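Engineer: Quick one, fold the following:
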Amino acid sequence: MNKNCPAKYNPWMHYFAIATAITTFLLLGLGGLVTSHEAGMSVPDWPNTYGYNMFLFPIGKWVGGVFYEHTHRLLASAVGLLTVVLAVWLWLRDVRRWMGQLGVVAVLLVIAQGVLGGLRVRWHMDNLGVFHGTVAQVFFILVCALALLTSRWWLQLSAERNWVSVPAGLRSLFVATTVLIFLQLMLGATMRHQHAGLAIRDFPLAYGQWWPDTSPEAMARYNSQRVEVVAETPVTAFQIVLQMFHRLGALAIFLAVTLCAWQARRQLGRRDGLARMAAAWHGLLILQIGLGIETLHSNKAADIATLHVMIGALSLVTGALWCVIAFRRSVATPKLAGNRANSGELNCPAVLALGGK
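Structural biologist: Okay, the predicted model is just below:
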């Protein structure tokens, strides 16, 4: 290996990282279906499935909620295997030591994710499902970042001279908005596992008010109407407040992403790649809000609710990757690239990977 220029673009490693990210995204969707169909406890044991080795469970028994929960476990196992292979590959073949360390972190996260899912079944604790969903989002961000960091585009980023550095204020705005989306997804997971998705059925009002009355008298009236009109189980004041905060969070995020997209276009130019990425992010948020409203109107249809979860995950990872690219662009300054352009050092992927340092 050439010590002066050790890092090289490995297309197969990059494609494998993309495959891992796509499989993880599908796993998030399947996990959403498990929750939407309330199938999380359809298989009462773990790591076995009704006493069978999980991988030998007869296909003929994959019926009802068992189908969703068991296939979720199998796909989770596939993601775990892909993650281990990718981590070993990064550790052995990528000369950027920190990439190997990120691979190890990914393995630890996927193990934690599996254990949390299993303990939720063993201990019959819905609250563990919130942590299970939260770790899933962090893991998805990481595997998508690994796909980005192994790409040819990333390695060649320092050689580009037709872009501007991203201002610190703009980067901070995007980081704060991405964190807000992450907190909103945690709140959404809590709402789903507290069965609060249909605690309020009307929109944009809530029981005919901008902020519903949650006094004991009002709760008795709400639940009387629910039982008589839609034959649903009673709701609690906590469930109503939880959904109201989720709605307020959605509004805050929409306004924040709108501001991000506008500022990115204003400060970077509408033709800049990050400005276009911010515009796409804004589109995702509009779709996300629309799916949330449709979840109510469709009586929490499983496919709509699951799409709501999946678009939420895409929104989070889009914001996170925007921040990664923005910080990377700000480190690899065009001035430094220009100083080294004549030396031929920019042709070295190792220099490109490290920002020309």
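Engineer: For the stretch 101-250 of the chain, give me the ranges with low pLDDT.
Structural biologist: For the stretch 101-250 of the chain, the stretches flagged by pLDDT under 70 are 158-163, 196-197, 227-232.
Engineer: Does the residue nearest the centre of the chain lie in a helix or a strand, and which?
Structural biologist: Compute the mean C-alpha point of the chain, and by C-alpha atoms, centre = their mean the closest residue is residue 313, 3.1 Å away. Assigned by DSSP states H and E, residue 313 belongs to helix 302-331.
Engineer: go on, residue 66?
Structural biologist: Counting by DSSP H and E, residue 66 is found in helix 65-93.
Engineer: Now the residue nearest to the centre of the chain. Nearest residue, chain neighbours left out?
Structural biologist: residue 28 (5.2 Å; C-beta to C-beta, 6 or more residues apart in numbering). (C-beta placed from N, C-alpha, C; glycine too.)
Engineer: buried stuff in the helix or strand containing residue 281?
Structural biologist: Using DSSP H and E, residue 281 sits in helix 273-297. For helix 273-297, the neighbour count (16 or more other C-beta atoms under 10 Å) marks 274-275, 277-278, 281-282, 284-285, 288-289, 291-292, 295-296 as buried.
Engineer: Kindly report the same for stretch 221-240.
Structural biologist: Buried residues in stretch 221-240 (16+ other C-beta under 10 Å): 222, 226, 235, 237, 239-240.
Engineer: Save these as TSV, and put in distance to residue 13 and secondary structure too.
Structural biologist: Output for the buried residues of stretch 221-240, formatted as TSV (distance: C-beta to C-beta, whole Å; DSSP: H, G, I helix; E, B strand; the rest coil):
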residue	distance to residue 13	secondary structure
222	55	helix
226	54	helix
235	50	coil
237	52	helix
239	46	helix
240	49	helix
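Engineer: picking up where we left off before, the helix holding residue 281 to helix 302-331, inter-axis angle?
Structural biologist: 160 degrees (axes from the mean of the first three to the mean of the last three C-alpha atoms, to 10 degrees).
Engineer: Return the list of helices and strands in contact with helix 273-297.
Structural biologist: helix 237-268, helix 302-331 (3 or more C-beta pairs under 8 Å, 6 or more residues apart in numbering; DSSP states H and E).
Engineer: what's the domain layout of this structure?
Structural biologist: 1-155, 166-332 (automatic domain parsing).
Engineer: CA atoms of stretch 289-301 as PDB?
Structural biologist: Written as PDB, here are the backbone C-alpha positions of stretch 289-301 (Å, rounded to 0.1, in the frame of the first residue of the first chain):
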ATOM      1  CA  ILE A 289     -47.200  16.400   7.900                       C
ATOM      2  CA  GLY A 290     -49.700  15.300   5.200                       C
ATOM      3  CA  LEU A 291     -49.300  11.700   6.200                       C
ATOM      4  CA  GLY A 292     -49.800  12.600   9.900                       C
ATOM      5  CA  ILE A 293     -53.100  14.300   9.100                       C
ATOM      6  CA  GLU A 294     -54.100  11.300   6.900                       C
ATOM      7  CA  THR A 295     -53.300   8.900   9.800                       C
ATOM      8  CA  LEU A 296     -56.100  10.600  11.700                       C
ATOM      9  CA  HIS A 297     -58.500  10.700   8.800                       C
ATOM     10  CA  SER A 298     -57.900   7.000   7.900                       C
ATOM     11  CA  ASN A 299     -58.500   5.800  11.400                       C
ATOM     12  CA  LYS A 300     -54.700   5.100  11.800                       C
ATOM     13  CA  ALA A 301     -54.500   2.800   8.800                       C
END
